[in-house]
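Student: No sequence on hand, only this structure:
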């Protein structure tokens, strides 16, 4: 996670995101730098516009929040309905069995 933060910091400062700069920031934070992780971060960010991703990410949660609330509400309603539905099906099964044995 520290490499993600370092990349964000470099991008915010308008600096190039490369292995050595990432490792310098991580080291300055008191964390032992890992060259493999720095290389992986640089490779994963190649051709990525961080500012654009952040801009899009900030807009997305506000649009998704109402939908998630509705999904959660629907799930709660289903949870409340299940015990009642189970009782009915058990009663129907019991009455069906009783009719088999002349009850």
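Tutor: Received it, and whenever you're ready, just let me know what you need. What you are looking at is a predicted structure, and each value in this text was computed from that prediction instead of being measured. Numbers count the residues shown, from 1 in each chain.

Student: can you pull the buried residues of stretch 45-64?
Tutor: residue 45 (16 or more other C-beta atoms under 10 Å). Bear in mind the C-beta positions are built from the backbone N, C-alpha and C, glycine included.

Student: no no, stretch 1-9
Tutor: Neighbour-count burial for stretch 1-9 flags 2-3, 6-7 (criterion: 16+ other C-beta under 10 Å).

Student: Stretch 31-49 too?
Tutor: By neighbour count with 16+ other C-beta under 10 Å, stretch 31-49 contains the buried residues 33, 38, 41-42, 45.

Student: Mind checking which of these land in strands?
Tutor: Within these, no residue falls in strands by DSSP state E.

Student: on that earlier part again, quick one: which of the buried residues of stretch 1-9 is nearest to residue 20?
Tutor: Taking C-beta to C-beta as the measure, residue 6 is the one of the buried residues of stretch 1-9 closest to residue 20, at 11.3 Å.

Student: Surely that closest one touches residue 27?
Tutor: No - the pair residue 6 / residue 27 is not scored as a contact, 9.8 Å apart, by C-beta atoms under 8 Å.

Student: For residue 6, list the residues it contacts.
Tutor: 21-22, 25-26, 29, 41 (C-beta atoms under 8 Å, 6 or more residues apart in numbering).

Student: what do you get for residue 8?
Tutor: The contact partners of residue 8, taken as C-beta under 8 Å, 6+ apart, are residue 50.

Student: and it, how far is that from residue 53?
Tutor: From residue 8 over to residue 53 the distance is 10 Å, taken as C-beta to C-beta, to the nearest Å.
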